[in-house]
Each structure stands twice: as C-alpha cells, then as structure tokens.
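**Student:** predicted model and sequence below, questions to follow.
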Amino acid sequence: MIADTALLARAEALVAAFAAAGRRIATAESCTGGLVAGLLTAVPGSSAVLERGFVTYSNDAKSESLGVPTALIAAHGAVSQATARAMAEGALAHARADVAVAITGIAGPGGGSADKPVGLVHFGLALTGEPTRHLERRYGDLGRGEIRRLAVGDALGLLEGLVGPMPAP
C-alpha cells in the first residue's frame, strides 16, 4: 500500500493540512484492516494528526471497541450504511479526535451476495458537532487488493473534503 506514491502524496498533504489546522483524525477500519491509519503513519509528523486507529474486522470488535449496537448489525449487516455511520460515530466517541472516518465492505473474493456484492464498501465520516456523512461505493469484483486500495483512496477523499474550512473545535 505504501508503495502507492499517489496515495502517499495525498496522505502527506492531508497530514500537513490537518496539522496546520490543529485537527486530529481517528480511523475505524474493517475491510481495509488498518491501511488508512498505516498510510497516514507513513508520513513524518503524522503523530500530530492521527489520534488512533481502530481495526474492527469482526462484528464483536465493532461492538466492543466502537459501541456499534449488536442489534444494528443484526438488522442491517456489518456492511451497511447504518454500520458505517455507527462505526464513525463510535470512533469519534472513543478517541480524542475532531473527525473519524470508517470503512466496512466486502473485499472478496467470497462473502458477497446479490444485495451485497463483492466490491461494496460503505464509509462513514463523523465530525464533532456535525451530522455524520455516508458514502457508498460499488467497485465491482476487481480483486481484494484493488478494492482495498480504492477504498483507502475514497477514505482519503472524504478527509480531503474537510481540508477547507472546518467547524471550530
């Protein structure tokens, strides 16, 4: 992942922008397994920006570490808009950060269904004092590595959307 120079350049710009704004990030990752946090920490000075990263691959981890209600996962599934939002909100609640980005999806090669195919990824973006945002991507069955790489890029994109004016802490 870190060998992707374009993603690394974006991470460098994000770290610089968030550091300049005095903002801190938390991540909550399932299908990406910590790749967003890993990419951010590849950047010197990222300790001023990345407050913590949660890798919550299992449903139990989502509930225990982030407070995602088990009933919500049972009703909507681990890969859903509701779960992505709850993961982002839980990460924000359990961290000393201003923003949290969450990712849950089906990277394959198995695990997909007609309703939730391989390549479906949901993102949540929670900011202190703002409504939680959601993004859904259907990348298609492009292979596990490519789906995860694209998901990291979209998570960075959500954070890049905050580089302009952000609400006061």
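**Tutor:** Nice, thanks for sending it over. Residues are numbered from 1 along each chain as shown.

**Student:** am I right that Val43 falls within a helix?
**Tutor:** No: according to DSSP: H, G, I helix; E, B strand; the rest coil, Val43 belongs to no helix; its state is coil.

**Student:** can you pull out the helices in this structure?
**Tutor:** Remark: helices assigned in the chain by DSSP state H are 5-21, 35-41, 59-66, 70-76, 81-93, 144-160.

**Student:** once you drop chain neighbours, what's closest to Gly124?
**Tutor:** Take Gly124 and drop its neighbours on the chain: the residue closest to it by CB to CB, 6 or more residues apart in numbering is Ala88, 3.2 Å away. All C-beta atoms are positioned from the backbone trio N, CA, C, and that covers glycine.

**Student:** need the pLDDT of the one you found.
**Tutor:** pLDDT recorded at Ala88 is 98.

**Student:** that one contacts Val101, correct?
**Tutor:** Yes: with contact defined as CB atoms under 8 Å, Ala88 reaches Val101; the gap is 6.5 Å.

**Student:** pick out the residue nearest the middle of the chain.
**Tutor:** In the chain, the centroid-proximal residue (CA atoms, centre = their mean) is Ala102; its distance is 3.0 Å.

**Student:** ok, that residue - contacts?
**Tutor:** Applying CB atoms under 8 Å, 6 or more residues apart in numbering to Ala102 gives the contacts 27-30, 84-85, 87-88, 91, 123-126.

**Student:** contact partners for Gly34?
**Tutor:** Listed by CB under 8 Å, 6+ apart, the contact partners of Gly34 are Thr27, Gly53, Val55.

**Student:** so for it, what's the pLDDT?
**Tutor:** On the pLDDT scale, Gly34 gets 98.

**Student:** relative to Phe54, how far out is it?
**Tutor:** Noted for Gly34: a distance of 9 Å to Phe54, by CB to CB, to the nearest Å.

**Student:** quick check: neighbours shared by these two?
**Tutor:** Contact criterion CB under 8 Å, 6+ apart; residues shared by Gly34 and Phe54: Thr27.

**Student:** common neighbours of Ala88 and Val101, please.
**Tutor:** The overlap between the contact sets of Ala88 and Val101 (CB under 8 Å, 6+ apart) consists of Ala28, Gly124, Leu125.

**Student:** most neighbours out of those, which is it?
**Tutor:** Using other CB atoms under 10 Å as the neighbour criterion, Ala28 leads the shared contacts of Ala88 and Val101 with 33 neighbours.

**Student:** where does the chain have low pLDDT?
**Tutor:** Along the chain, segments meeting pLDDT under 70 span 1-2, 164-169.
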